[in-house]
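Engineer: got a predicted model here, sequence first, then my questions.
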Amino acid sequence: MWHGENLGYSAESFSDRLNVLQFGIFFLLGIIFFRIISLQVIKGEKFRKISEENRIVIYSQPATRGKIFDKNMDVVVDNKPSFVVLFSRQTMEDEEVKNVIIKVARLLQRNDQFAHTLIEKTKTIPGKNFSLIKIAENISKEQAMRLAEKIPQLPGVVVRIEPVRVYKWGTSASHITGYVREASLGELSENTVLKAGDVIGKNGIEKQYDEILRGINGGSQVEVNARAVQKRILETVEPIDGDSIVLTIDKKIQTALSNHIQGHIGVAVAIDPNTGGVLGLASYPDYNPNLFVSGLQSWQLRYLLRSDKKPLWNRALQGQYPPGSVYKMVTAFAGLESGVITPQTVINCKGFIELGKYKQRFRCWAREGHGDMRLSEALAHSCDIFFYETGLKLGPTKLNDWAEKFGFGKKTDIDLPSEEKGLTPDRAWKKAKLHQDWYDGDTVNMSVGQGYIWTTPIQIAQFTSAIANDGIIFQPFILKKIIDAQGNVKFENVPKIKRELDITAENFSAVKKGMMEAVRYGTGKNAKVVGLSVSGKTGTAQNPQGVDHAWFVCFAPSEKPKIALVVMVEHGGGGGDVAAPIAGKILAEIFEKKMKPQMDADEHR
């Protein structure tokens, strides 16, 4: 009987092989089971979140910024509804993002450069990101409807209405209000509260009080499909609108300042000498902050950023200039209070003085000389020799002490950004900076506001205000109060006295008399206003870079001042010829008076 060929299998070897096979099967099943446990239990939460991100996104809803009012509740800055287009790249790759942006640009009838700029902007959002970035604003209703119809073909695109700023005073108050724009990458990294696309204050009051005005954003939880197209809104959190701000600014005064400084590169500042509240501030050239809302053209941006006229520069706070002869009041007070002169002291002006062994001449602006001068006459005629001699008797240390008492060489701490502090030089500064000794010639120059000294117009306004109110140094301020949407007052500002100067009434009277006579018959006579008593002082600050700067400071009415005013014109020439007439026109408009006919200013210092 044939039993077949013996293949070498035995019952024992077959059993061993079966065991190996069973072990392999169980091993594979174990791996699969472990993978299932890992996915569902260990990493389940991670993948659940990924799934939710693919399905549900959070879209921020900006709060409406608070309004800005002047002291009489005239609206300076408001809001209006505007159609905007936003984009969230979500899980899209760069090529898909590019295609969507090009479609949007075509629907908006914009050029290729517009699309290229937006594509570059989307590249600042790394990887998977559900943040909304603004890609177009202030579009027409027709454009918004055209886009809305195409939303199913535009993944990641959202069209909605958002509030945007309206600067109702336009260029007139641009250096007060400032403007708003989207937060930059640097600002986003510095402030973790901010999100991509958030609009913040970039200058002026908008920047200074941004957190108060901005409010708190709300948002919507939105379901989207796999192509990032919005399907439905699941939940909405309403934004909390920002609080509004009331300023110390008076529209009538601001308009007068803006009207009459226009056409001159310079600045005009008005302060209430009884509180320190800023009544008006105009810097020229100015700019229209509404351009930042409607969208700047490339040539407009180049002009704002690169023009040598610096239209974005707030000259009242950032401009630093030698004060010229308006500084003579500092020398006068220092001399009177130190006892080196009295109101009756007579100093002869022959047109120059000579210093040192080489008899270096320092001249008066009146080359023929003024003759015998008392203080009030020296201020009225702006006699340099009188203040040269007074400064030499005082020495640089006492001059510096009084300059600092009046607030020079330090910030006024006005509630606006980017203030400079100027410079009040002394022996130590000159040695450290220029490696030179201090000479009598430096003292002579400083006594008439020349040489190394630098001041800002807001410092000069603070100084003039302190003369008007007999020695109170107020901190200048622009915020009057903060109110909520219902008009309830949440905060009300109060005047802050930085210090009170211990100057005798007799000495204040002597300086004020000189300032009144300067307008009555002296270098400031071109600031005369019919029916209004004005006390003022001209200044012509020598400028190594070109034509002199023109200054005029004053307060009015002289007997009970309501306003302290500073006018400064860069490269304007004589203070009496240029700045004084501007100040007179401003005062005439504010007090509704008439100016006296302008005279030939043979005295202009």
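Structural biologist: Nice, thanks for sending it over. Residues are numbered from 1 along each chain as shown.
Engineer: so what's the gap between stretch 538-553 and the chain middle?
Structural biologist: 25 Å (CA atoms, centre = their mean, to the nearest Å).
Engineer: buried stuff in that stretch?
Structural biologist: Thr538, Gly539, Thr540, Ala541, Asp548, His549, Ala550, Trp551, Phe552, Val553 (16 or more other CB atoms under 10 Å). C-beta here means a position set from N, CA and C on the backbone, and glycine is covered the same way.
Engineer: ends of it, how far apart?
Structural biologist: 7 Å (CA to CA, to the nearest Å).
Engineer: stretch 587-597 now?
Structural biologist: For stretch 587-597, the end-to-end distance is 14 Å (CA to CA).
Engineer: could you check that stretch and say which residues are buried?
Structural biologist: Buried residues in stretch 587-597 (16+ other CB under 10 Å): Leu587, Ala588, Glu589, Ile590, Phe591, Met595.
Engineer: tally of neighbours for Ala556?
Structural biologist: 25 (other CB atoms under 10 Å).
Engineer: apologies, that question was intended for Leu257.
Structural biologist: What Leu257 shows, counting by other CB under 10 Å, is a neighbour count of 29.
Engineer: now do the SS call for it.
Structural biologist: helix (DSSP: H, G, I helix; E, B strand; the rest coil).
Engineer: again with Asp437
Structural biologist: coil.
Engineer: close enough to count as contact, it and Ala428?
Structural biologist: No - shown here, Asp437 and Ala428 do not form a contact pair, counting by CB atoms under 8 Å, at 11.2 Å.
Engineer: ok, so what distance separates Ala105 from Leu296?
Structural biologist: 18 Å (CB to CB, to the nearest Å).
Engineer: looking at those two, which is more packed in?
Structural biologist: When Ala105 and Leu296 are compared for neighbours, Ala105 comes out ahead with 21 against 15, by other CB under 10 Å.
Engineer: could you list everything the closest residue in space to Val326 that isn't next to it in sequence pairs with in the sheet?
Structural biologist: Distances taken as CB to CB, 6 or more residues apart in numbering place Gly539 nearest to Val326, at 3.8 Å, with adjacent residues excluded. Assessed by DSSP bridges, Gly539 has beta-bridge partners Trp551.
Engineer: check which helix or strand covers Ile205.
Structural biologist: For Ile205, the element it lies in under DSSP states H and E is helix 204-208.
Engineer: so for the helix or strand following that helix, what's the average pLDDT?
Structural biologist: The C-terminal neighbour of helix 204-208 among helices and strands, as given by DSSP H and E, is helix 210-214. Mean per-residue pLDDT for helix 210-214: 96.
Engineer: farthest-separated two in the buried residues of stretch 538-553?
Structural biologist: For those, the farthest-apart pair by CB to CB is Asp548 and Val553; their separation is 16.0 Å.
Engineer: count the residues that sit near Pro417.
Structural biologist: Count around Pro417 with other CB under 10 Å applied: 17.
Engineer: so it is in contact with Gln208, correct?
Structural biologist: Yes - using CB under 8 Å, Pro417 is in contact with Gln208, at 5.7 Å.
Engineer: tell me, what's touching those two both at once?
Structural biologist: Gly178 (CB atoms under 8 Å, 6 or more residues apart in numbering).
Engineer: state the distance from the nearest residue to Gly531 once chain neighbours are set aside to Lys134.
Structural biologist: Spatially, and ignoring its direct neighbours in sequence, Gly531 is nearest to Lys593 (5.0 Å; CB to CB, 6+ apart). Between Lys593 and Lys134 the distance, using CB to CB, works out to 49 Å.
Engineer: quick one: Tyr321 and Ala541 touch, right?
Structural biologist: Yes - using CB under 8 Å, Tyr321 makes contact with Ala541 at a distance of 5.9 Å.
Engineer: need the overlap of contacts for those two.
Structural biologist: With CB under 8 Å, 6+ apart, Tyr321 and Ala541 have common neighbours His549.
Engineer: can you show me the strands along the stretch 451-600 of the chain?
Structural biologist: Assigned by DSSP state E, counting those that start in this stretch, the strands in the stretch 451-600 of the chain fall at 472-474, 479-483, 489-492, 497-500, 529-530, 535-543, 546-556, 563-569, 594-595.
Engineer: just the CA trace of the fourth one, in PDB.
Structural biologist: This points to strand 497-500. Taking C-alpha atoms only, strand 497-500 is exported to PDB below (Å, rounded to 0.1, in the frame of the first residue of the first chain):
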ATOM      1  CA  ILE A 497       0.200 122.400  39.500                       C
ATOM      2  CA  LYS A 498       3.800 121.300  39.000                       C
ATOM      3  CA  ARG A 499       5.200 124.200  41.100                       C
ATOM      4  CA  GLU A 500       4.600 127.800  42.100                       C
END
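Engineer: that strand pairs with which strands, parallel or anti?
Structural biologist: Going by DSSP bridges, the partners of strand 497-500 are strand 472-474 (antiparallel).
Engineer: ditto for the second one
Structural biologist: Pairing partners of strand 479-483, with direction, according to DSSP bridges: strand 244-247 (antiparallel), strand 489-492 (antiparallel).
Engineer: okay if I get those strands as CSV plus mean pLDDT, distance to Asn217 and mean neighbour count?
Structural biologist: Shown next, in CSV, are those (pLDDT from 0 to 100; distance: least, CB to CB, whole Å; neighbours: other CB atoms under 10 Å):
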stretch, mean pLDDT, distance to Asn217, mean neighbour count
strand 244-247, 98, 18, 23
strand 489-492, 97, 20, 11
